[in-house]
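Asks: Sharing a sequence plus its predicted fold:
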Amino acid sequence: MSSTGSTTFHAPLAWIDGRWQRDVLMRAGADGHWRELIAGQPAPLDTVRLSGPVLPSLVDAHSHAFQRAFAGLAEQRDSDSDDFWSWRDRMYGVALRVTPDQLKTIATQLYTELLAGGYTQVCEFHYLHHREDGSPYEDELAMAWALAEAAQQSGIGLTLLPVLYAHAGFAQPGLRDTQRRFRTDAAWVWRACERINAAGLPRVRAGVAVHSLRAAHAQDIRALQALVGDADVPVHVHVAEQQQEVKDCVAATGKRPIEALADHGLDARWQLVHATHSTREEIARVADSGAGVVICPGTEANLGDGLADLECWLGAGVPMTVGSDSQVTRGWVEELRWLEYGQRLGQQRRNVAAQPGRQPSSAARLFEACVAGSANAAGLASWGLRAGARADFLVLDTSASGLAGLPDGALLDGVVFASQGTPWREVYVGGHRRATDDAALRERYIETMSALWR
Ligand code: ZN
């Protein structure tokens with residue numbers, strides 16, 4: 001089982017290279033990364049025999065942890081209209097109050113829930129940096145360290161993305177008072193990224209983020225690009241989430257947002273979050289650059305953002321991931337289901353993501369796209385059930401509702417389109433099983449919520 005720190009697992013079925021393979025021997029090294037995975041092998045005596053089919057976990061490529069404390073609290077309308085912008089004003093109410101201690105508790109609860117939801121790495125798009133009055137903490141990364149501690153405590157991997165946030169809008173010189181905790185410039189963001197990476201915390205790494213084209217103008221983005229240079233770190237950006245943003249961008253720059261972003265020079269490090277409102281030409285430019293797209297179907301539905309052009313993104317071969325974003329959804333099954341169902345509802349068709357003759361399963365096409373997009377989104381060298389990737393995986397429960405009685409070939413379809421709750425019984429990160437519920441943590445979370453909303 002464990003000699004020289006390595007562990008060998010045996011799975012009756014495992015999802016490798018886009019299909020189920022039988023009797024798979026999976027050996028993880030002492031560093032928690034896969035050494036080899038070999039199908040068609042009987043289980044030797046000293047093996048950890050896994051009780052069900054094994055799926056790779058996914059990266060949650062877009063999260064704002066503090067918004068977990070707001071999920072479920074913005075679902076009533078008390079004026080004529082309610083949209084993204086009115087939601088944002090109410091969300092700032094939480095953003096203005098959360099302390100580092102509270103953030104740590106909220107994020108630990110969230111990260112435990114994300115593990116339960118089948119994510120084993122989370123990209124934290126982190127813009128809540130300063131004290132409630134807008135002044136820096138004694139250690140200006142106090143809030144970032146709170147997130148890192150939460151990740152360490154829950155056992156999830158973390159890609160911390162300190163955010164460049166400098167303007168309230170396209171034509172605004174600075175920020176609104178309610179955005180005072182977010183204020184940064186390119187130098188601040190790059191310093192944060194370097195300090196987090198230099199800290200060398202297990203399973204924690206940093207990249208950078210640009211809040212949006214409205215919050216970071218062309219000169220801010222150029223300054224950040226100059227500092228990042230060719231460093232191998234992910235660069236995330238919110239883009240084209242709302243029609244209003246597209247209109248404002250065209251008015252300010254003469255270009256649509258994805259087009260304006262592409263003019264900055266995208267590459268495989270860039271991850272375009274949402275990218276909801278796009279043209280075919282914009283998608284083609286993103287595809288040429290190697291950049292990825294991060295779709296957050298649960299949040300985009302909740303906020304009334306619109307539907308991404310899924311077929312065009314998939315058809316262009318743009319690497320794709322999903323994210324929990326505002327935390328109204330916290331598992332990838334629900335994201336993939338929403339992603340496909342949004343298209344079916346909008347187009348009055350079925351199996352929109354499927355590729356007849358090549359990949360007839362919508363679930364498999366979406367899942368494979370996300371496995372393939374995960375490494376770049378998180379700034380990791382590789383991802384999935386392959387040698388070199390971290391030994392992260394899920395062990396399915398074939399007696400779970402939605403999977404019971406299905407033939408092996410339909411298991412992933414059952415997971416995405418027929419399961420209730422999470423149809424796996426074990427979640428592993430780096431070869432070690434993780435807790436997906438913690439009663440004491442839940443108590444602390446409830447206390448934090450009552451302090452926040454008292
Ligand atoms: Zn976001």
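Replies: Looks like it arrived, so ask away.
Asks: residues contacting Val333?
Replies: Taking CB atoms under 8 Å, 6 or more residues apart in numbering as the contact definition, Val333 lies against Gly117, Gly118, Val415, Val416, Ser419, Thr422, Pro423. Just so you know, the C-beta spots here come from the backbone N, C-alpha and C atoms, and that holds for glycine as well.
Asks: Would you mind checking the average pLDDT for the helix or strand where the fourth one lies?
Replies: Same thing as Val416. Under the criterion of DSSP states H and E, Val416 resides in helix 411-417. When pLDDT is averaged along helix 411-417, the result is 98.
Asks: what helices or strands is that helix leaning on?
Replies: helix 332-347, helix 362-378 (3 or more CB pairs under 8 Å, 6 or more residues apart in numbering; DSSP states H and E).
Asks: Of the contacts of Val333, which pair is most distant in space?
Replies: Pairwise distances across those peak at 13.1 Å for Gly117 and Val416 (criterion: CB to CB).
Asks: Surely Leu115 is within a strand?
Replies: No - if the criterion is DSSP: H, G, I helix; E, B strand; the rest coil, then Leu115 is helix and not within a strand.
Asks: Within its local environment, how many residues does it see?
Replies: Leu115 is flanked by 27 other residues according to other CB atoms under 10 Å.
Asks: show me the contacts for Leu141.
Replies: Leu141 neighbours (CB under 8 Å, 6+ apart): His129, Ala192, Arg195, Ile196.
Asks: just those now: which is nearest Ile156?
Replies: The closest of those, once distances to Ile156 are taken by CB to CB, is Ile196, at 15.7 Å.
Asks: Please spell out the PyMOL selection for the buried subset of the contacts of Val333.
Replies: Buried members of these, defined by 16 or more other CB atoms under 10 Å, are picked up in PyMOL with:
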select buried, resi 117+118+415+416+419+422+423
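Asks: okay if I get the contacts of Val333 as a markdown table plus distance to Arg214?
Replies: A markdown table is the format used below for these (distance: CB to CB, whole Å):
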| residue | distance to Arg214 |
| --- | --- |
| Gly117 | 30 |
| Gly118 | 33 |
| Val415 | 38 |
| Val416 | 34 |
| Ser419 | 38 |
| Thr422 | 36 |
| Pro423 | 40 |
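Asks: just the contacts of Val333 now: which is nearest Gly430?
Replies: Gly118 (15.8 Å).
Asks: if I pick that closest one, what's in contact with it?
Replies: Contacts for Gly118 (CB under 8 Å, 6+ apart) come out as Leu55, Ser57, Leu58, Gly331, Trp332, Val333, Leu394, Thr422, Trp424, Val427.
Asks: quick one: the fourth one and Ile156, what's the gap?
Replies: Right, the one you point to is Gly331. 13 Å (CB to CB, to the nearest Å).
Asks: Quick check: neighbours shared by those two?
Replies: Counting by CB under 8 Å, 6+ apart, the shared contacts of Gly331 and Ile156 are Leu114, Tyr119.
Asks: of the two, who's got more company?
Replies: Ile156 (27 against 22).
Asks: Apart from its neighbours in sequence, what residue is nearest the more buried one?
Replies: Using CB to CB, 6 or more residues apart in numbering and skipping the chain neighbours, the partner closest in space to Ile156 is Tyr111 (4.5 Å).
Asks: for the one you found, what are its contacts?
Replies: Contact partners of Tyr111, counting by CB under 8 Å, 6+ apart, are Ala65, Val122, Ala150, Ala151, Gln153, Ser154, Ile156, Leu158.
Asks: Tell me where the stretch 201-350 of the chain has strands.
Replies: Ranges of strands within the stretch 201-350 of the chain are 204-206, 208-210, 235-239, 270-274, 292-295, 320-322, based on DSSP state E, counting those that start in this stretch.
Asks: Now the helix or strand where Asp60 lies: buried residues?
Replies: Using DSSP H and E, Asp60 sits in strand 58-63. For strand 58-63, the neighbour count (16+ other CB under 10 Å) marks Leu58, Val59, Asp60, Ala61, His62, Ser63 as buried.
Asks: Need those in JSON lines (columns: pLDDT and distance to Ala287).
Replies: Formatted as JSON lines, those follow (pLDDT from 0 to 100; distance: CB to CB, whole Å):
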{"residue": "Leu58", "pLDDT": "98", "distance to Ala287": "21"}
{"residue": "Val59", "pLDDT": "98", "distance to Ala287": "20"}
{"residue": "Asp60", "pLDDT": "98", "distance to Ala287": "23"}
{"residue": "Ala61", "pLDDT": "98", "distance to Ala287": "18"}
{"residue": "His62", "pLDDT": "98", "distance to Ala287": "20"}
{"residue": "Ser63", "pLDDT": "98", "distance to Ala287": "25"}
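Asks: which one of the residues you listed sits closest to Ala364?
Replies: So of those, ranked by how close each gets to Ala364 (CB to CB), first place is Leu58, at 13.5 Å.
Asks: Wait, the closest one touches Leu336, no?
Replies: No - using CB atoms under 8 Å, Leu58 is not in contact with Leu336, being 9.0 Å away.
Asks: what sits in contact with each of these two?
Replies: Here Leu58 and Leu336 share the contacting residues Val322, Phe367, Cys370, scored by CB under 8 Å, 6+ apart.
Asks: Of these - the most surrounded one?
Replies: In terms of neighbours by other CB under 10 Å, the shared contacts of Leu58 and Leu336 top out with Val322 at 31 neighbours.
Asks: What residue, apart from its backbone neighbours, is nearest that residue spatially?
Replies: Using CB to CB, 6+ apart and skipping residues adjacent in sequence, the residue nearest Val322 is Glu335, 4.0 Å away.
Asks: And for Arg180, the neighbour number?
Replies: By other CB under 10 Å, the residues close to Arg180 number 17.
Asks: same deal with the one 5 residues further on?
Replies: When neighbours are counted by other CB under 10 Å, Asp185 registers 15.
Asks: Phe367 and His211: what is the separation?
Replies: Using CB to CB, Phe367 is found at 29 Å from His211.
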